[in-house]
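Visitor: what follows is a protein structure lacking sequence information:
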């Protein structure tokens, strides 16, 4: 069966520090991968999505970047965190071709920038 | 882009009663409408979804209806139980290829079921 892993679960970082959040998917090949952010009391907003290795599309301008160095690995990064980067970050995947029937979310990373 | 509105933001019901959450969307190209349940500190879990070629779908106590003409869809939970308490999100996307997971979410409904 397919599983998605995100880490760390919680993170407290000072303003101006770098960020690296990692997401990996197991049990599937060629997944579509997504990074979402959930601000307090709000819905989820799509930040990035990727249809393959090295292919990244950004949905909104921001202080963050994403990379996909391997087929089932998706990384969210920042060189210098801002207070406004605080939030709940969720990685998601959907299948390829006929397996593309729904999107599955990881358990999320709670990021607090202080 | 797509805009999804969700109401109400909070909903309290007595155990055993029904709960209804409503959403509207703006992009007529959207054809995939999932509903997610999110418990505190966890990622959203898909509970039911509907595609534009059907008007209603049911799974035990949960049902979803879709009106493409009016661009709205609703979640119905019958015989609610305390464990149904969570935040529920509706979403919309163009459900093919990489766009299926490019979901536009409503702001969520905090459902509380009182025993």
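Guide: Cool, got the structure. Everything numeric here is computed off the predicted structure, so don't read it as measured data.
Visitor: establish whether the host helix or strand of residue B:47 and chain A are in contact.
Guide: Taking DSSP states H and E as the definition, residue B:47 sits inside strand B:45-51. Yes: under the criterion of CB under 8 Å from any CB of the partner chain, chain A is reached by strand B:45-51 at B:45-46, B:49. All C-beta atoms are positioned from the backbone trio N, CA, C, and that covers glycine.
Visitor: following that strand, which helix or strand comes up?
Guide: Trace forward from strand B:45-51 with DSSP H and E and the next one is strand B:56-59.
Visitor: identify each buried residue in the next helix or strand after that following strand, please.
Guide: Downstream of strand B:56-59, the next assigned helix or strand under DSSP H and E is strand B:62-67. By neighbour count on 16 or more other CB atoms under 10 Å in any protein chain shown, the buried set for strand B:62-67 is B:62-66.
Visitor: what residues does chain A put near chain B?
Guide: So chain A meets chain B at A:6, A:32, A:34, A:41-46, A:49, A:51, A:59, A:90, A:92-94, A:100-108, A:110 (CB under 8 Å from any CB).
Visitor: which of the residues of strand B:45-51 next to chain A are buried?
Guide: The buried subset of those (16+ other CB under 10 Å) comprises residue B:49.
Visitor: switch the residues of strand B:45-51 next to chain A over to a markdown table; also include pLDDT.
Guide: Below are the residues of strand B:45-51 next to chain A laid out as a markdown table (pLDDT from 0 to 100):
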| residue | pLDDT |
| --- | --- |
| B:45 | 94 |
| B:46 | 93 |
| B:49 | 93 |
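Visitor: make JSON lines out of the residues of strand B:45-51 next to chain A and add distance to residue B:28.
Guide: Shown next, in JSON lines, are those (distance: CB to CB, whole Å):
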{"residue": "B:45", "distance to residue B:28": "28"}
{"residue": "B:46", "distance to residue B:28": "23"}
{"residue": "B:49", "distance to residue B:28": "18"}
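Visitor: the residues of chain A next to chain B in strands, which ones?
Guide: Cross-referencing the residues of chain A next to chain B against strands under DSSP state E gives A:6, A:32, A:34, A:44-46, A:49, A:51, A:90, A:92-94, A:103-105, A:110.
Visitor: isn't residue A:53 right up against residue A:69?
Guide: Yes: here residue A:53 reaches residue A:69: they are 7.2 Å apart, a contact under CB atoms under 8 Å.
Visitor: out of these two, which sits in the more crowded spot?
Guide: Neighbour count, other CB atoms under 10 Å in any protein chain shown: between residue A:53 and residue A:69, residue A:53 has more, with 14 against 9.
Visitor: next one: the more buried one relative to residue A:33, how far apart?
Guide: 10 Å (CB to CB, to the nearest Å).
Visitor: mutual contacts of those two, please.
Guide: Taking CB atoms under 8 Å, 6 or more residues apart in numbering or on different chains as the contact rule, residue A:53 and residue A:33 both touch residue A:68.
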